[in-house]
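**Student:** Structure for this input, please:
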Amino acid sequence: MDREPTTFYSAASPASCLCNSIIFGDLHRPHSGHRRHRHQELFATAEDHGFPASTLTDNGRVYTARFGGGKNAFEYLLAVLGIIQKNGHPGHPQTQGKVERFHQTLKKWLTQQSAAANLVDLQTQLDRFRDLYNHHRPHRELDRRTPATAYRALPKAEPTGGPRPGHYRLRYDRLDQLGKMSFRRAGRMHHLGIGYAHARKRVLAIADETTVTVIELETAEILSTHLIEPTKTYWRTQQKSPGRWPGPPQ
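**Tutor:** Just a heads-up that it's a prediction; the model follows:
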């Protein structure tokens with residue numbers, strides 16, 4: 001395989017050193033990460049291990065948009081699920097020391113393998129390493145137990161912050177050629193106007209009892225927010241003033 005710029009995203013349980021997942025991402029697309037986005041990876045990991053009480057990550061844009069003055073899809077979803085988000089200090093990777101040490105072990109292992117022919121083969125190697133690391137490689141820090149053994153013996157911390165009050169719902173969709181999408185609620189179809197500039201974008205819609213927030217999957221940017229108005233068919237974005245917006249004739 002040609003040496004393409006690649007980064008690895010991993011999820012681990014600090015107390016047991018268990019590696020929950022390892023995926024790769026293209027460094028030319030730092031805001032989107034891997035084919036599965038961070039919030040999708042969170043759900044996939046939760047299917048096996050449950051949701052955590054908190055997360056600890058660096059300040060990459062896939063994890064936080066706080067330095068840009070907003071929130072991305074990952075941050076928004078953690079708040080919905082009642083999961084406490086923690087971020088290391090910028091320029092201080094020691095905060096995530098166990099994960100950094102894990103990456104060092106992973107890279108040493110990869111240099112001993114045959115070069116992957118493509119990114120699919122690389123992901124296969126990462127999956128094989130995760131199995132070896134979790135189930136077959138004793139750790140000195142764990143009294144020579146494997147991470148999987150240590151993890152099973154630990155009580156599992158769950159979200160304690162509590163989700164935002166009320167019901168919430170997630171929906172993946174692609175906007176139409178006019179930058180709109182449909183949303184069914186209580187048996188009635190409603191139409192959301194996100195904006196013509198966002199036509200054909202893939203989005204995640206997060207709905208609670210009062211609001212629908214639409215986030216672009218590619219960049220995790222919040223595109224629009226819509227008040228839930230059950231008596232109205234069309235829910236306009238609250239991020240634009242009322243009136244006719246630029247775009248093709250309606």
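**Student:** who's in contact with residue 239?
**Tutor:** Residues near residue 239 by Cβ atoms under 8 Å, 6 or more residues apart in numbering: 224-225. (Glycine included, C-beta is placed from N, CA and C.)
**Student:** Let's verify it: helix, strand, or coil?
**Tutor:** Following DSSP: H, G, I helix; E, B strand; the rest coil, the label given to residue 239 is coil.
**Student:** Show the backbone phi and psi for it.
**Tutor:** phi -90, psi 0 (degrees, to the nearest 10).
**Student:** Compute the distance between it and residue 84, please.
**Tutor:** Residue 239 is 28 Å from residue 84, where distance means Cβ to Cβ, to the nearest Å.
**Student:** likewise residue 199?
**Tutor:** Computed as Cβ to Cβ, the residue 199 to residue 84 distance reads 37 Å.
**Student:** now residue 135
**Tutor:** 29 Å.
**Student:** With residue 156 instead?
**Tutor:** Separation of residue 156 from residue 84 (Cβ to Cβ) stands at 15 Å.
**Student:** which stretches of the protein form helices?
**Tutor:** Here the chain has its helices, by DSSP state H, at 38-49, 73-81, 97-111, 119-135, 147-153.
**Student:** if you compare the ones you listed, which one is most tucked away?
**Tutor:** Comparing the helices of the chain on average neighbours per residue, with mean count of other Cβ atoms under 10 Å, the densest one is helix 73-81 at a mean of 21.
**Student:** for that helix, packing partners?
**Tutor:** Counting contacts by 3 or more Cβ pairs under 8 Å, 6 or more residues apart in numbering; DSSP states H and E, helix 73-81 packs against helix 38-49, strand 84-87, strand 202-207, strand 211-216.
**Student:** which other helices and strands contact the longest one?
**Tutor:** The one in question is helix 38-49. strand 6-13, strand 18-26, helix 73-81.
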